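*Asks:* generate coordinates for the sequence data below:
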Amino acid sequence: MKETVSPARSIDGVITLPGDKSISHRYGMLAAIAEGKSTIANYSTGADCQSTLACMAALGATVERKDGLVIVHGGELRAPAADLDAGNSGSTIRMLSGILAAQPFTSKIGGDESLSRRPMDRVVKPLTQMGARIEGNKIEGRDNNFPPLTIDGQKLHGIDYTLPMASAQVKSCVLMAGIFAQGDTIVHEPIRTRDHTEIALAEFGADIEVKRRVITLRAGAKLTGRDLVVPGDLSSATFFLVAALLAPKSNLVIHGVGLNPTRSALLDFLTSMGASIKVLDVQQTGGELVGDLRVNASKIIGGTIEGALTAALIDEIPALAVLGAMSERGITVRDAAELRVKETDRIATLESNFQKMGIAIEAGSDGFHIPGEQKFHAADLDSAGDHRIAMAFAVAALSADGPCTIEGAESAGVSFPEFFSTLRQIAS
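*Replies:* Numbering: from 1, shown residues only. Purely as a prediction, here's the structure:
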C-alpha cells in the first residue's frame with residue numbers, strides 16, 4: 001500500500017495513542033499463565049501484540065474482546081494444535097520462548113519472512129543453560145539459530161545469568177522461564193533496560209527483587225489475574241513529538257503516555273537538544289507512571305547517541321534521525337549494530353531513503369552521522385516492510401518541499417494501525 005504525505009506547517013491538537021506495545025506483550029503473556037481472569041484496558045492495537053494474544057489463545061488461554069477491553073482467562077497451558085505464528089514480532093517469539101521452554105509439551109514457533117532472518121541464539125543459549133531443549137533453523141553462512149524454533153518443554157532450573165548485551169527481550173525471556181524454574185533466577189544487566197517485565201511480574205504476584213542492575217525472581221511464583229490499564233505508547237509518541245518539534249506552528253498534547261523511568265531517556269535527550277516538552281498530570285497505574293505531554297515547535301541543536309543511551313533509544317533512532325537532519329549540528333549515532341538486525345537493516349534503509357530525499361548521511365557498521373541544517377525534498381520512499389521506517393519517513397515528508405509517497409505504508413500496522421489517520425488529524 002502506498003501512502004501520500006504532504007508538507008505541513010502545523011501539528012496541532014490533542015491525541016491519545018494506542019497502548020504501549022512492550023507492556024501489552026507482557027500483560028498478554030502473564031495473564032494467560034496467571035490463575036483466573038485478567039482485564040486489560042487500552043491493549044495495543046498493533047499487529048505484533050495481536051500475534052501475542054493469538055499465540056496465547058492457541059496455547060489454551062481464553063481471550064475475549066468486550067467494550068474495548070481484552071479479557072484473558074488464564075491457567076495451565078496446553079499443547080497447540082498447530083505451529084505458533086509470531087508474525088513480525090521479535091518480542092513475541094523471544095519472550096514466549098521462555099514460557100514454552102518450561103511446558104510439558106513440544107511446540108514450534110515461527111513467523112513471517114522478516115522474523116525468520118532474526119537471530120535467536122541470544123535466548124536459546126540462556127534457556128539451554130536452564131535445561132531447555134530448543135532447535136532452530138540454520139541459515140547458510142550465519143552462525144546462529146533462526147526461527148522457526150522447535151521447543152521441547154523440560155523441567156527448568158534457575159540460573160545466575162549475566163546478559164552479554166543489553167536486551168530487555170532477553171532479560172524478559174529468562175525471567176519468563178524463571179516463573180516455572182526450580183530455584184531462584186537471577187539476571188545481571190550490563191546496562192539498565194526497560195523494566196516492564198519486572199513491574200508486571202510484581203503486579204501479577206511474583207516475588208521479584210531489583211537492586212540496581214540485578215534482578216532476582218524467587219522460585220515458586222504464583223500469578224493471579226489482575227485488572228490492568230496499558231499506558232499510551234511512548235515509542236509511538238516519538239513520531240508525533242518529532243513532527244511537532246519540526247513544524248513551525250505546532251502545539252500538540254499527547255494524552256496518557258507511559259513515562260516509565262527506564263524509557264525517560266527519550267524525553268531527556270529531546271530536551272537536551274532544545275525541545276520544548278512539558279510533562280503534565282503524572283499518575284501511577286499498575287506500577288507504571290502515566291502522564292500528558294505538551295510539545296511546541298522548537299529550535300533543535302542536535303546531539304550524539306552512544307553507549308547506554310543507544311540501548312535506551314534503539315527503537316526511537318529512526319525518528320530521531322529525521323529530527324537530526326533538520327537540527328543545527330546534526331546527529332551522530334554509535335554502538336547501534338542492533339539496528340542491522342531489526343525488522344530490516346535500519347541503518348541501510350535510513351541511508352537509502354535519506355539519499356532519495358537529498359539528505360547527506362555517513363553510515364558505518366554500527367551507526368551513522370547526519371549533518372544538520374538540511375532540507376527534505378519530495379521523493380518516493382520505501383518502508384522495506386519496517387513499521388518504524390514507514391512512520392519516520394512519514395514525519396520527514398511533513399517537512400519536505402512537496403508530497404512524498406511511502407511504499408509499504410501498511411507496515412505501520414505492526415505497532416500502530418491508526419498512525420496515518422492520526423497524523424492527518426493533526427497536520428495542516
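*Asks:* where do the strands of the stretch 101-250 of the chain begin and end?
*Replies:* Ranges of strands in the stretch 101-250 of the chain, per DSSP state E, counting those that start in this stretch, are 106-110, 133-139, 142-152, 160-162, 185-188, 208-211, 214-217, 227-229.
*Asks:* please name the strands paired to the last one in the sheet, noting orientation.
*Replies:* When you say that, I think you mean strand 227-229. When pairing is defined by DSSP bridges, strand 227-229 lines up against strand 36-41 (parallel).
*Asks:* for the strand it pairs with, what is the average pLDDT?
*Replies:* Across strand 36-41, the average pLDDT comes to 98.
*Asks:* for stretch 274-294, same thing?
*Replies:* 96.
*Asks:* which residue, other than its chain neighbours, is closest to Lys2?
*Replies:* Distances taken as CB to CB, 6 or more residues apart in numbering place Thr405 nearest to Lys2, at 5.1 Å, with adjacent residues excluded. Placement of C-beta: from N, CA and C, glycine included.
*Asks:* buried stuff in the helix or strand containing the one you found?
*Replies:* Following DSSP states H and E, one finds Thr405 within strand 404-407. For strand 404-407, burial by neighbour count (16 or more other CB atoms under 10 Å) applies to Cys404, Ile406, Glu407.
*Asks:* other SSEs contacting the helix or strand following it?
*Replies:* Sequence-wise, the next helix or strand downstream of strand 404-407 (DSSP H and E) is helix 419-426. Contacts defined by 3 or more CB pairs under 8 Å, 6 or more residues apart in numbering; DSSP states H and E place helix 419-426 against strand 2-5, strand 12-16, helix 234-246, helix 387-398.
*Asks:* tell me what angle the helix or strand that the third one is followed by forms with helix 234-246.
*Replies:* So the one you mean is helix 234-246. Next along the chain after helix 234-246, taking DSSP H and E as the criterion, comes strand 251-258. Between strand 251-258 and helix 234-246, the angle comes out at 170 degrees (axes from the mean of the first three to the mean of the last three CA atoms, to 10 degrees).
*Asks:* skip the chain neighbours and tell me the closest residue to Arg334.
*Replies:* Arg334's closest residue in space is Glu306 (CB to CB, 6+ apart), at 3.9 Å.
*Asks:* ok, now which ones touch the one you found?
*Replies:* Thr332, Val333, Arg334, Asp335, Gly367 (CB atoms under 8 Å, 6 or more residues apart in numbering).
*Asks:* again, only this time at 10 Å
*Replies:* Thr332, Val333, Arg334, Asp335, Ala336, Asp366, Gly367 (CB atoms under 10 Å, 6 or more residues apart in numbering).
*Asks:* same question, Met130
*Replies:* 98, 101-102, 154-159, 161, 174, 177-178, 180-183, 185.
*Asks:* among those residues, name the buried ones.
*Replies:* When the contacts of Met130 are checked for burial by 16+ other CB under 10 Å, the buried set is 98, 101-102, 154, 156-159, 161, 174, 177-178, 180-181, 185.
*Asks:* before we move on, back to that, looking at the helices and strands packed on helix 419-426, which is closest to Ala82?
*Replies:* Closest to Ala82 of these is helix 387-398 (CB to CB; 26.0 Å).
*Asks:* other SSEs contacting that closest one?
*Replies:* strand 2-5, helix 234-246, helix 317-325, helix 346-356, strand 380-382, strand 404-407, helix 419-426 (3 or more CB pairs under 10 Å, 6 or more residues apart in numbering; DSSP states H and E).
*Asks:* redo these as JSON lines? Include mean pLDDT.
*Replies:* Converted to JSON lines, the helices and strands packed on helix 387-398 look like this (pLDDT from 0 to 100):
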{"stretch": "strand 2-5", "mean pLDDT": "97"}
{"stretch": "helix 234-246", "mean pLDDT": "97"}
{"stretch": "helix 317-325", "mean pLDDT": "98"}
{"stretch": "helix 346-356", "mean pLDDT": "98"}
{"stretch": "strand 380-382", "mean pLDDT": "98"}
{"stretch": "strand 404-407", "mean pLDDT": "98"}
{"stretch": "helix 419-426", "mean pLDDT": "97"}
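*Asks:* ok, now which ones touch Gly131?
*Replies:* So Gly131 contacts Ala101, Ala102, Gln154, Lys155, Leu156, His157, Gly158, Ile159, Ala177, Ala181, Gln182 (CB under 10 Å, 6+ apart).
*Asks:* what does the domain assignment say about this structure?
*Replies:* 2-18+231-426, 21-114+121-135+157-218 (automatic domain parsing).
*Asks:* want to throw the ones you listed into JSON lines with distance to Asp143?
*Replies:* Formatted as JSON lines, these follow (distance: least, CB to CB, whole Å):
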{"stretch": "domain 2-18+231-426", "distance to Asp143": "13"}
{"stretch": "domain 21-114+121-135+157-218", "distance to Asp143": "8"}
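*Asks:* so which of the ones you listed gets nearest Thr150?
*Replies:* Comparing the domains of the chain against Thr150 with CB to CB, the closest turns out to be domain 21-114+121-135+157-218 (4.7 Å).
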